[in-house]
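>>> give me a 3D structure for the following:
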Amino acid sequence: TDISFSTRFAGINSESADKSYNSYDSCQFSSMSVGVQTLRSVDTGFAIRYSHFSTFARGIDLDGGTAVEIRGNVITRARNFNSFQGIALGGQDGGIVVTGNTIDGRGLGGLLLEDQKHGPGNRGLIANNEILCGGLFQAQGIRIAGDLAFVDFVHNTVHCPAGLTATPFTLLSTPATGVRIANNIFSAPAGVVVYRQQSADTLAYFDYNLFDGTQGVVASIGGTNATDLAALQALSGGNANSLVALPQYRNPLTDLRPSALAINNAGTPWPGITSDLMGQPRDTLQPDVGAYEFDGLPVDIMPLAIQTPDNFSCEVLDSTRVTVQLYNNGIQAISDFTVSYGIFAVTGATEQVADTILSGDTLTYTFTQKVDISTPTLYPFKAWSSAVGDANTGNDSVLFHPVFVDEVIQNFPYIEDFDDPGGSVPDG
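Residues are numbered from 1 along each chain as shown. Reported below is the predicted structural model:
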């Protein structure tokens, strides 16, 4: 307890354990390789709790053991290594518990499980974990391979940020006996499969999850892709109460607390899960999905999109209207807030909006101040909002709305010999 390990290789590297019970509580591990690594089976009740790991290769790497407990740890990368793994566990039985951990899995993966054979009376529990994933093409947030029996994956938030590649949840085990997946948030950027299951088997329970697949493939099950909720339900035989939506994280890199009203109270009560990652009580009737229990913010205004000008235009205008769509993500009606637009990081206009937007509603707002886009070029538009009391600044901006304005052909016939690089003929 309360020991710091700063080593070149492994903080704890054990080939055997002779005692009936070993635990490491509130320790600090800093190493060039692995924080805790066991090369032979750990003892019954082996536990690592409330410790901090800053390592180059892996945080925790355990082999075997009965009723192993990994709880409340923070695992980060000491360097930006693509081979980093947060927690790797193999060959456990008797009811493993992995709960309340915060894992930076940007590299190869966040939580890697292999050969997890538990029983109906001592189920494994993977719950209330926050996992940030992404890196190599094969990276996964949670990856399960080998034998898998009677494990619950509940109330986890697994997120792959934009610009990285990873599948938040990958299930390779066949069969997956008695496996239950519920109340999780799985999110990834456009073009990334959010949930991947190698077999087409129906799980024991698969429901009340949030899939951020609004920009790509929601799931791949048995080699078949699902691009929307209906297809996911048909393929999985479950997820009747799941959602495909944006979680609206406070910050997708540093604060994975969701804020979207649409997903508030979207979970189902789960036996033994009475608090969240931060120790806050779970709603006993309608808990939130993911690792965090949250309430909607009183004030939270956000621009959803810039609707005009269009992305491509043959109209060369010196007086173009700018229109944005705004969404009230707060629990209170809102009015008297400001909205702005800009080009090339230069503010074009900031205007006061007097209209009232009810909670969960949208408003299309057209700026009084028009914009000059008469010169053929690329105009990178952005829009942002501001309101008194808005504590969630992570969703206040639409950062990039490119508008391409090309020259209008004035004389016909028009001949383009394509000898000079860089030219284009728009579809105008």
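>>> drop to CA atoms for contacts and neighbour counts, all remaining ones
Noted.
>>> grab the most central residue of the protein for me.
Nearest to the mean C-alpha position of the chain, by Cα atoms, centre = their mean, lies His159 at 2.1 Å.
>>> that residue touches Ile131, doesn't it?
Yes - between His159 and Ile131 there is a contact under Cα atoms under 8 Å: 6.3 Å.
>>> shared neighbours, the two?
Gly141 (Cα atoms under 8 Å, 6 or more residues apart in numbering).
>>> can you map out the strands along the stretch 151-300 of the chain?
151-154, 157-159, 167-171, 176-177, 180-182, 185-187, 195-197, 205-207, 210-212, 219-221, 224-226, 243-244, 249-251, 255-258 (DSSP state E, counting those that start in this stretch).
>>> same list, those strands, but as a markdown table with distance to Cys27 and mean pLDDT please.
Converted to a markdown table, the strands of the stretch 151-300 of the chain look like this (distance: least, Cα to Cα, whole Å; pLDDT from 0 to 100):
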| stretch | distance to Cys27 | mean pLDDT |
| --- | --- | --- |
| strand 151-154 | 26 | 98 |
| strand 157-159 | 25 | 95 |
| strand 167-171 | 28 | 93 |
| strand 176-177 | 35 | 94 |
| strand 180-182 | 31 | 98 |
| strand 185-187 | 29 | 95 |
| strand 195-197 | 34 | 96 |
| strand 205-207 | 36 | 98 |
| strand 210-212 | 34 | 93 |
| strand 219-221 | 38 | 95 |
| strand 224-226 | 43 | 95 |
| strand 243-244 | 39 | 94 |
| strand 249-251 | 28 | 84 |
| strand 255-258 | 24 | 90 |
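>>> of those, which is nearest Arg282?
Nearest of the strands of the stretch 151-300 of the chain to Arg282, taken as Cα to Cα: strand 151-154 at 12.8 Å.
>>> chain center to the closest one, what's the gap?
Offset of strand 151-154 from its chain centre (Cα atoms, centre = their mean, to the nearest Å): 18 Å.
>>> neighbouring contacts of that strand?
By Cα under 8 Å, 6+ apart, strand 151-154 touches 116, 118, 123-128, 178-184, 290.
>>> could you rerun that using 10 Å?
95-99, 116-120, 122-129, 142, 176-185, 204-206, 208-209, 270, 273, 289-291 (Cα atoms under 10 Å, 6 or more residues apart in numbering).
>>> could you turn the buried ones of the residues you listed into a PyMOL selection?
To isolate the buried ones among the contacts of strand 151-154 in PyMOL, judged by 16 or more other Cα atoms under 10 Å, type:
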select buried, resi 95+96+97+98+99+116+117+118+119+123+124+125+126+127+128+129+142+176+177+178+179+180+181+182+183+184+185+205+206+208+209+289+290+291
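>>> okay, now the unreliable bits of the stretch 1-150 of the chain?
1-21, 31-32, 39-40, 56, 78-83, 136-138 (pLDDT under 70).
>>> what does the stretch 151-300 of the chain give?
162-165, 213-215.
>>> where along it do the helices fall?
229-236 (DSSP state H, counting those that start in this stretch).
>>> so what are the sheet partners of the longest strand seen in the chain and their directions?
When the chain is scanned for its longest strand (criterion: DSSP state E), the result is strand 130-149. Neighbouring strands of strand 130-149 in its sheet, by DSSP bridges, are strand 102-117 (parallel), strand 157-159 (parallel), strand 167-171 (parallel), strand 176-177 (parallel).
>>> centre of the chain to it, how far?
For strand 130-149, the distance to the chain centre is 13 Å (Cα atoms, centre = their mean).
>>> give me the buried positions along that strand.
130-136, 139-149.
>>> quick one: Phe153 from Leu113, how far?
Computed as Cα to Cα, to the nearest Å, the Phe153 to Leu113 distance reads 12 Å.
>>> list residues touching both of those two?
Between them, Phe153 and Leu113 share the contacting residues Ile142, judged by Cα under 10 Å, 6+ apart.
>>> what about the strands of the stretch 151-300 of the chain, which gets the closest to Gly342?
strand 249-251 (22.2 Å).
>>> what's the closest one packed up against?
strand 255-258 (3 or more Cα pairs under 10 Å, 6 or more residues apart in numbering; DSSP states H and E).
>>> which residues touch the strand it packs on?
Here strand 255-258 has contacts from 130-132, 157-159, 185, 246-252, 264, 288-296, 394, using Cα under 10 Å, 6+ apart.
>>> buried ones in it?
Leu256, Arg257, Pro258.
>>> between these, which is nearest Ala305?
Looking across the buried residues of strand 255-258 and measuring by Cα to Cα, the closest to Ala305 is Pro258, at 19.6 Å.
>>> for the closest one, which non-adjacent residue is spatially closest?
Spatially, and ignoring its direct neighbours in sequence, Pro258 is nearest to Tyr249 (4.3 Å; Cα to Cα, 6 or more residues apart in numbering).
>>> wait, the one you found touches Asn392, no?
Yes - Tyr249 is in contact with Asn392 according to Cα atoms under 10 Å; the separation is 9.2 Å.
>>> who touches both of those two?
In contact with both Tyr249 and Asn392: Ser259, using Cα under 10 Å, 6+ apart.
>>> list the contacts of the closest residue to Gly119 other than its chain neighbours.
Of all residues not flanking Gly119 in the chain, Phe150 sits nearest, at 5.6 Å (Cα to Cα, 6+ apart). Taking Cα under 10 Å, 6+ apart as the contact definition, Phe150 lies against 93, 95, 116-125, 176-180, 204.
>>> now Asn184
So Asn184 contacts 127-129, 153-158, 207-211, 242, 267, 288-291 (Cα under 10 Å, 6+ apart).
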